[in-house]
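Asker: Everything below, folded, please.
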Amino acid sequence: MRYVLMPTILAAILLVSGCSAPESIQLRENAYVESTLAKVKELVQSDLNRLSPVVPKVWTGEYFAQRHTPIIYASAPWNAGDECWLEVPEYVWGQVPGDPQNGSPLYYGRAIGTNKNWTMRYRSLEDPRWTEIEGGGLALDNPLEGGYVVRFRVLPHDRMVEVRFGITNNSPNRLTDIRCQLCMMPHKIKSLAERWPTSSKMLAEGKIITWDAAGQDLSWLDPYRNRDGSFKQSCFFLAPVAGHVPDNWATQERRYGSVMWLDRIVDIPAVAKCSRDEENCLIVYSPFGRTAFYNCLVPCFHADPQMNLIRPGETRWTTSYYMMLSGDLQGFMARLAALHKEIRRDDGVEWQ
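Answerer: The predicted model follows:
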């Protein structure tokens, strides 16, 4: 499979694919996802994290007005009243052979059919309802037109929230290039509310970097800001992940409109949203992500989970982790990079 950058934000963030998982829809039968969780838990609970053990509470809230998508809330441990918002999902993307609407989302939110940007291809057959499950988590299984069922599990763990994403494909068609766009919004966490892009950090060549790390000038943001410094509109930042760099990335223009690609390749599909002193960080990591993504306006940050192929009759799952850290970000991300190599070496997925 080959990837090429296109001159739109939509095309840019679609350049991803993902992983494989067993056919059963029972989460505990997915041995790979469970073993990955155990490894990530060990890292979060290591001596690199000075944050006292705490299991976040998760609950459902209002629908996000623009897309009518449900917001999942999770408590955050740094200050009283801190909480993060997670849009589950913002969108689900995928390719169906011969479908003329392959550039539109498969599904989003309450599946009302349209928003200002795209028409959704497969409406919900019922109003999506989150249910509480054992361990304080949330579950959603939503049947769609066309024979698909999108599935989500939001699972709280010690100093971490895990989001599992699955699809059951009961259609006669192969579903490929599947990506679940999950929008993490930390603006209700006092120490992480900064919107300027350098408040989000990644790992490149073993070192913590920000979006101006390659000497890229961020003054292009000025026309998109109000007099008080707030942002008028979304401004997008993207970075390719090592091993998944688009073919024409080396020659592609780094900025167009309100979109900027980082002139560096990041080591792992992980983004950390940090306080100014880097003491407190919320880190998203998706083992099968292909891009790091940040939007100043919300602010929100992504390392969206993906899958490459779901055949007719199959159910497959992938996962993302939202980790809470107080401590050494450099050491934590370096150890996460080593863990990422181990996870990907042991995954045994058929498409690699």
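Asker: how close does the residue sitting nearest the centre point of the chain sit to residue 284?
Answerer: If you average the C-alpha coordinates of the chain and look for the closest C-alpha using CA atoms, centre = their mean, you land on residue 304, 2.8 Å from that point. For residue 304, the distance to residue 284 (CB to CB, to the nearest Å) stands at 9 Å. In this view, the C-beta of every residue, glycine as well, is placed from N, C-alpha and C.
Asker: what residues are shared contacts of those two?
Answerer: residue 320 (CB atoms under 8 Å, 6 or more residues apart in numbering).
Asker: List the beta-bridge partners for residue 285.
Answerer: Counting by DSSP bridges, residue 285 is bridged to residue 270, residue 321.
Asker: now it: how far from residue 82?
Answerer: 20 Å.
Asker: who has more neighbours, the two?
Answerer: Neighbours of residue 285 and residue 82, each counted by other CB atoms under 10 Å, are more numerous for residue 285; the result is 25 against 19.
Asker: Please look at the more buried one and residue 37 and confirm they touch.
Answerer: No. Because the distance of 11.6 Å does not satisfy CB atoms under 8 Å, residue 285 is recorded as not touching residue 37.
Asker: and for those two, which residues touch both?
Answerer: residue 321.
Asker: can you list the weak-confidence ranges in the protein?
Answerer: Under the criterion of pLDDT under 70, the regions of the chain flagged as low confidence span 1-30, 62-70, 109-120, 346-352.
Asker: So the residue nearest to the centre of the chain sits against residue 320, correct?
Answerer: Yes. If you go by CB under 8 Å, residue 304 and residue 320 touch, sitting 7.5 Å apart.
Asker: okay, and the common contacts of the two?
Answerer: Common contacts of residue 304 and residue 320, defined by CB under 8 Å, 6+ apart, comprise 182, 286, 289.
Asker: Could you report the distance from the second one to residue 171?
Answerer: Residue 286 sits 25 Å away from residue 171, taking CB to CB as the criterion.
Asker: Looking at the two, which is more packed in?
Answerer: Using other CB under 10 Å, the more surrounded residue of residue 286 and residue 171 is residue 286, with 29 against 17.
Asker: mind listing what the more buried one touches?
Answerer: Neighbouring residues of residue 286 by CB under 8 Å, 6+ apart: 269-270, 303-306, 318-321.
Asker: Recalculate using a threshold of 10 Å.
Answerer: With CB atoms under 10 Å, 6 or more residues apart in numbering as the criterion, the residues that contact residue 286 are 16, 18-19, 163, 165, 179-180, 182, 241, 268-271, 302-306, 318-321.
Asker: now swap in residue 150 and tell me
Answerer: Listed by CB under 10 Å, 6+ apart, the contact set of residue 150 reads 89, 92, 94, 106-108, 111, 122, 124, 128, 140-144, 165-168, 180.
Asker: Secondary structure class of residue 180, three-state.
Answerer: Secondary structure, DSSP: H, G, I helix; E, B strand; the rest coil: residue 180 is strand.
Asker: and the closest residue in space to it that isn't next to it in sequence, what element?
Answerer: Leaving aside its chain neighbours, residue 180 sits nearest to residue 165 (4.3 Å; criterion: CB to CB, 6 or more residues apart in numbering). Element membership of residue 165 [criterion: DSSP states H and E] is strand 160-169.
Asker: now the strands for the stretch 201-350 of the chain?
Answerer: Counting by DSSP state E, counting those that start in this stretch, the stretch 201-350 of the chain has strands at residues 207-209, 236-240, 255-256, 259-261, 270-274, 280-285, 291-295, 300-302, 306-310, 315-326.
Asker: Using CSV, list the CA coordinates for the second one.
Answerer: Meaning strand 236-240. Output for strand 236-240, consisting of C-alpha atoms alone and laid out as CSV, is shown next (Å, rounded to 0.1, in the frame of the first residue of the first chain):
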residue,chain,number,x,y,z
PHE,A,236,-4.3,22.0,12.1
PHE,A,237,-0.9,20.5,12.8
LEU,A,238,0.1,17.1,11.5
ALA,A,239,3.2,14.9,11.7
PRO,A,240,3.9,11.6,10.0
